[in-house]
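Trainee: sharing a model that was predicted from the sequence below.
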Amino acid sequence: MGEYSSDAERTGPEDAEGPRAPDTLPTGYGPMLGGSARATAPLRNQVFDTVRAAGRIARADLARALGISAGSVTSLTSDLLAQGLLREVSAPVLRDTTRGRPPVALEIVPDTRLVVGIKLSDERHTAVLSDVTGETIASAHLPAEPGRLAPDALCDVVETLTDTVLAEAGLRRDALAGVGIGLAGMIDHEAGNVHWSPLLLHKDVPLRDAIAKRLELPTEIENDVNVLTLAELWFGKGRTRRDFIVVTVEGGVGMGSVIDGALYRGGRGLGLEFGHTKVHLDGALCRCGQRGCLEAYLADYALAREASTALGRMSLDGGAPKLGAQAMLDALFVEAKAGNSAARSVFRRAGRYLSLGLANLVQLFDPPLIILSGARMRYDYLYADEVIKEMGQLLLSTERSPPEVEIHAWDDLVWARGAAALALSSATARLLDEAQLVPA
């Protein structure tokens, strides 16, 4: 959050009634440290992003944050004020003063753009409606149909969910500036193609263009762990970091990485498939069809496979009551907490494989921060002290301490919020480009 100067010079235009009085102090959304991607963007974009990240910031603080002159800030913010993209507010007074004009700050006008972010899942689909600041206005969810879907059927889900969350806010589709979609699988963000996903019947699906055509809206698609990583960068523990890694353990095992303030997707856009790195030659069967993947020892289906034996229940035939993966995992966790040695051994084994995978990440990337996220983080056996300690023991011995490891068990909507951040990045760029073409 930017600090406010009590004696900040007021240089831009103001309403006839003066600056708007603040209701509550906003926290701001978006990366606070920027990075090379922001530094190379046009200055007006840098100004807009910095104000959004601060929530509310004085001109003097804005100039210091960007390393530019007060005159440049005056010119840039005057244009954005005149175009209705920024507005002035009364800033908190940090010291008593009886001279000069009251201090003012700048904030984003929130309703200039609205976007929808959607997370598609095999359990339930979620959506959020967000304004241009990143604030969530409404949310909605739909139960997922069992099995894989044809592309048209998945487009139906997106269309229904989009209209549902808009209805929650009393809005129509023409109020939107874009839609962001996150789903599991190998997603080529730049091309908009889904090479493979556990949600789709077919491979190499041009899903972005199909959804954009259906909704008649600009659309972005991304791997679900990448949208979760964007959520950390925009709303979570990554806001004040330029470099960090996110690891998720859920239906699969995923990884996202931020390098120098920007999401890293790999040289050809399909990297960071952490769950499909090999940890055991000719090992357990993974849902990708290969053997020995890390995911085959950590993901829901892998733990459920072990749980069916540990609990003495059959999940595949009629010989005993059938349990879904989630119910079986919950039962396994209860048994482990109660001291069942077989149940405890399932989590202990999974934790050791997690230690091995994390140690490999540290050796490859040397991250200052690893964030463990996802629904399975409530199973504390997966991030117990022993897991982190074993990770450290697997690292090369150096004088440098191991990276910081944070646990962040978000609620279910965080994935959709990350997808909204994906849509906002594109919508904001378009908004600023359009505003630059219109005379103030």
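Mentor: Thanks, I have it. Since this is a predicted model, take the numbers as computed values, not measurements.
Trainee: in this structure, which helix or strand is least confident?
Mentor: helix 36-39 (a mean of 74; mean pLDDT, DSSP states H and E).
Trainee: quick check: buried residues in whichever helix or strand comes after that one?
Mentor: The helix or strand immediately downstream of helix 36-39 is helix 43-54, counting by DSSP states H and E. If you call a residue buried by 16 or more other Cβ atoms under 10 Å, then helix 43-54 has these buried ones: 44-54. For the C-beta atoms, the positions are set from N, CA and C on the backbone; glycine is no exception.
Trainee: isn't residue 388 right next to residue 403, touching?
Mentor: No. At 10.1 Å, residue 388 does not count as touching residue 403 under the criterion of Cβ atoms under 8 Å.
Trainee: ok, now which ones touch residue 293?
Mentor: Shown in contact with residue 293 (Cβ atoms under 8 Å, 6 or more residues apart in numbering): 275-279, 283-284, 286.
Trainee: scratch that, residue 408 is what I was asking about
Mentor: By Cβ under 8 Å, 6+ apart, the residues touching residue 408 are 232, 236-237, 371-373, 377.
Trainee: out of these, who's the most crowded?
Mentor: Highest neighbour count within the contacts of residue 408: residue 373, with 28 neighbours (other Cβ atoms under 10 Å).
Trainee: could I get the full set of helices for the stretch 151-300 of the chain?
Mentor: Secondary structure of the stretch 151-300 of the chain (DSSP state H, counting those that start in this stretch): helices at 151-168, 207-215, 224-235, 295-298, 300-310.
Trainee: and stretch 393-407, how far from the chain's centre?
Mentor: 25 Å (Cα atoms, centre = their mean, to the nearest Å).
Trainee: how about stretch 386-396?
Mentor: Distance, stretch centre to chain centre, for stretch 386-396: 27 Å (Cα atoms, centre = their mean).
Trainee: CA-only coordinates of it, as CSV, when you get a sec.
Mentor: C-alpha atoms of stretch 386-396 as CSV (Å, rounded to 0.1, in the frame of the first residue of the first chain):
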residue,chain,number,x,y,z
GLU,A,386,9.3,-33.6,8.5
VAL,A,387,8.5,-32.9,4.9
ILE,A,388,10.2,-29.5,4.8
LYS,A,389,13.1,-30.9,6.8
GLU,A,390,13.6,-33.8,4.4
MET,A,391,13.5,-31.3,1.5
GLY,A,392,16.4,-29.5,3.1
GLN,A,393,18.3,-32.7,3.6
LEU,A,394,18.0,-33.5,-0.1
LEU,A,395,19.6,-30.2,-1.2
LEU,A,396,23.2,-29.6,-1.9
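Trainee: number the chain from 38, please
Mentor: All set: I'll call the first residue 38, so the last point we hit is now stretch 423-433.
Trainee: mind listing what's buried in it?
Mentor: Neighbour-count burial for stretch 423-433 [16+ other Cβ under 10 Å]: 424-425, 427-429, 431.
Trainee: low-scoring stretches of the stretch 238-387 of the chain, by residue?
Mentor: Within the stretch 238-387 of the chain, the stretches with pLDDT under 70 are 349-362.
Trainee: and residue 400, how many neighbours?
Mentor: Using other Cβ under 10 Å, residue 400 is surrounded by 11 other residues.
Trainee: how close does it get to residue 409?
Mentor: Distance, residue 400 to residue 409, using Cβ to Cβ, to the nearest Å: 18 Å.
Trainee: buried ones in the helix or strand hosting residue 468, by neighbour count?
Mentor: Using DSSP H and E, residue 468 sits within helix 451-474. Buried positions in helix 451-474, judged by neighbour count with 16+ other Cβ under 10 Å: 451-465, 468-469, 472.
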